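>>> Okay, sequence plus prediction incoming.
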Amino acid sequence: MAVTMQNIADLAGVSRPVVSAVLNGNSKLKVASGTRARILELVNKTGYTRNLPACLLNGQTSRSIALFTNPNDIPLFQELRYQITGMVSAYGYRIMHFPIIMPKNTAEIIEDSLQFGIDGIITIDCTSTVLQREINTPMVSLMRDTVAADVKIDLEQGEYEMTRHILEHGHRRLCLIGNSLSYQPGKVAGFRRACAEYNISPKYSTLLDLTWNTTFAEQLERLLYHDRVTAFVCSCDFIAVRLMGYLSHCGIRVPDDIVLGGYDGDMYACSGPCRITTVWQPVVQMGKLAVEILMEKIRTKNFNVLAKPYTLKPVLHLGESCGCKPPPEKTICWERVINTLEGSNNLIKVPPPELIERYQNFQSSESTKDQGDVE
């Protein structure tokens, strides 16, 4: 049997109008924060869903946010989705996820989603702000490069910081290696800018694109043994870890023989023989900011693009792959399997007392079993 709003009210010990006020964002009826949290927790536990057709017929909204994403499910996007979903839920909304398989159909898919009575839209790396002017629904666009967006990450500055860090180690023959570099102009520009500041000629600051490149092995061999490249700046952490494994197979050690720098700050960076020095993209901050902007747009019925978009700065994160010796990690796994180094830092916090007690009891019971086995 489907859970009703009255069931939620009975479990929470409140009236049905109180539950309705929380779920529908009715600011006229004041609800204590503790009561609101209890109602939302019960909604999640019971799997309660609203009768959408009835709500729309009554002129109500669906209390839903449409999330449109690029289907390239890299760890960064997974973490960003996780953060946005949790923050949207805290405001009493739910997420409706729409992967954009064909970018050219983005406008059509977004227009089709409006039939569900959604209250707002968040797009991740799959559209531009031009579309916002055509849709009469609050919308926030998130992008990771130089194109127009409400919130974006300065990829050029991140690659500049990474390249500059490697140059500061004394390396003067570098290569930017990655996939689809023609689609990453910000990173290429950051690499070029840092090399130019150190007067590194293009001859000793080359690019190697791995996409559909059947001769990459020969090109890599030439870079290593003819051009005497001593440092690779990788377009992402996945490439850095794969390159480390490839070099190891060839008898080349990181960082003793070659140094590497990554990009993204995802969990690939700490999954290899040595931790990758990387640049983490602040997707946790991006998710929080996106939801705050969208909630304000919904409240004020603002359908326009931000006059002044937010640009977030990536953060250099040291590992051993560049020759640095950073301190060891604080933990292997704290609370959940995470996707980014930024997320791992945010998880080092004291859990609720009831969870501490639960895991202490579990550890105590396992210890008792071990003692019994010994006896």
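Yep, that arrived. Numbers count the residues shown, from 1 in each chain.
>>> alpha carbons only for contacts and neighbour counts from here, please
Fine.
>>> right, and Leu42 touches Ile8 too?
Yes: look at Leu42 against Ile8 with C-alpha atoms under 8 Å: they come within range, at 6.6 Å.
>>> Just want to know which of those two has more residues nearby.
For Leu42 versus Ile8, neighbours defined as other C-alpha atoms under 10 Å are more numerous around Ile8 (23 against 16).
>>> so what's that one up against?
For Ile8, the contacting residues are Arg16, Val19, Ile39, Leu42, Val43, by C-alpha atoms under 8 Å, 6 or more residues apart in numbering.
>>> In terms of helices and strands, where is Ile200?
Using DSSP states H and E, Ile200 sits within no helix or strand.
>>> For Thr163, see how far away the closest residue to it other than its chain neighbours is.
The shortest distance from Ile200 to any residue other than its chain neighbours is 6.7 Å, reached at Arg172 (C-alpha to C-alpha, 6 or more residues apart in numbering). Noted for Arg172: a distance of 11 Å to Thr163, by C-alpha to C-alpha, to the nearest Å.
>>> more crowded one of those two?
Just comparing Arg172 and Thr163: by other C-alpha under 10 Å the higher neighbour count belongs to Thr163, 28 against 20.
>>> what's around Tyr160, how many residues?
By the other C-alpha under 10 Å criterion, the neighbourhood of Tyr160 contains 20 residues.
>>> Likewise for Asp125?
Around Asp125 there are 20 residues (other C-alpha under 10 Å).
>>> Report the separation between Arg193 and Glu168.
Counting by C-alpha to C-alpha, the gap from Arg193 to Glu168 is 14 Å.
>>> okay, the two: which has more neighbours?
Relative neighbour count places Arg193 above the other of Arg193 and Glu168, with 20 against 11, counting by other C-alpha under 10 Å.
>>> so who does the closest residue to Thr106 other than its chain neighbours touch?
Spatial nearest neighbour of Thr106, chain neighbours left out: Ile100 (6.4 Å); criterion: C-alpha to C-alpha, 6+ apart. Contacts of Ile100 were listed using C-alpha under 8 Å, 6+ apart, and they are Phe68, Thr69, Asn70, Pro71, Thr106, Ile109, Cys126.
>>> Can you pick out the ones from those residues that are in strands?
Helix and strand membership here follows DSSP state E; of the contacts of Ile100, those in strands are Phe68, Thr69.
>>> hmm, back to that, you'd agree the residue nearest to Ile200 is in a strand?
No: the assignment for Arg172 by DSSP: H, G, I helix; E, B strand; the rest coil gives coil, which leaves it out of any strand.
>>> Quick check: which element contains Ile293?
Taking DSSP H and E as the criterion, the element that holds Ile293 is helix 283-300.
>>> got the contact list for that helix?
Under the criterion C-alpha under 8 Å, 6+ apart, residues 76, 79-81, 83-84, 87-88, 119-122, 138-140, 142, 151-152, 303, 312, 342-343 lie in contact with helix 283-300.
>>> If we use 7 Å, what do you get?
Where contact means C-alpha atoms under 7 Å, 6 or more residues apart in numbering, the residues beyond helix 283-300 that reach it are 76, 80, 83-84, 87-88, 120, 138-140, 151, 303, 343.
>>> Repeat that for stretch 310-328.
Applying C-alpha under 7 Å, 6+ apart, the set of residues contacting stretch 310-328 is 150-154, 158, 161-162, 166, 254-255, 259-261, 274-282.
>>> all strands in the stretch 151-300 of the chain, in order from the N-terminus.
With strands called from DSSP state E, counting those that start in this stretch, the stretch 151-300 of the chain shows them at 151-153, 174-178, 205-209, 231-234, 259-261, 278-280.
>>> what about stretch 308-326, average pLDDT?
Averaging pLDDT along stretch 308-326 gives 94.
>>> how long is it end to end?
Stretch 308-326: ends 37 Å apart by C-alpha to C-alpha.
>>> Likewise for stretch 174-186?
By C-alpha to C-alpha, the extent of stretch 174-186 from end to end equals 18 Å.
>>> hmm, who's touching that stretch?
Contact partners of stretch 174-186, identified using C-alpha under 7 Å, 6+ apart, comprise 145-146, 155-156, 204-211, 229-235, 239.
>>> Give the buried residues for the helix holding Ile293.
For helix 283-300, burial by neighbour count (16 or more other C-alpha atoms under 10 Å) applies to 283-284, 286-295, 297-298.
>>> which SS class is the closest residue to Ile95 other than its chain neighbours?
If the residues on either side of it in the chain are set aside, Ile95 comes closest to Ile65, at 5.0 Å by C-alpha to C-alpha, 6+ apart. Of the three states, Ile65 takes strand according to three-state DSSP.
>>> can you pull up the bridge partners for Ile65?
With DSSP bridges as the criterion, the beta-bridge partners of Ile65 are Ile95, Gly120.
>>> That one: how many residues sit nearby?
Burial of Ile65 is recorded as 24 neighbouring residues (other C-alpha under 10 Å).
>>> Surely it touches Gly92?
No: with contacts defined as C-alpha atoms under 7 Å, Ile65 does not count as touching Gly92, sitting 10.4 Å away.
>>> Give the buried residues for stretch 245-258.
Buried residues in stretch 245-258 (16+ other C-alpha under 10 Å): Gly245, Leu247, Val254, Pro255, Ile258.
>>> want to throw these into CSV with pLDDT and distance to Gly34?
As requested, the buried residues of stretch 245-258 are arranged in CSV below (pLDDT from 0 to 100; distance: C-alpha to C-alpha, whole Å):
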residue, pLDDT, distance to Gly34
Gly245, 94, 51
Leu247, 95, 56
Val254, 96, 53
Pro255, 97, 52
Ile258, 97, 56
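>>> This completes my enquiry, with thanks.
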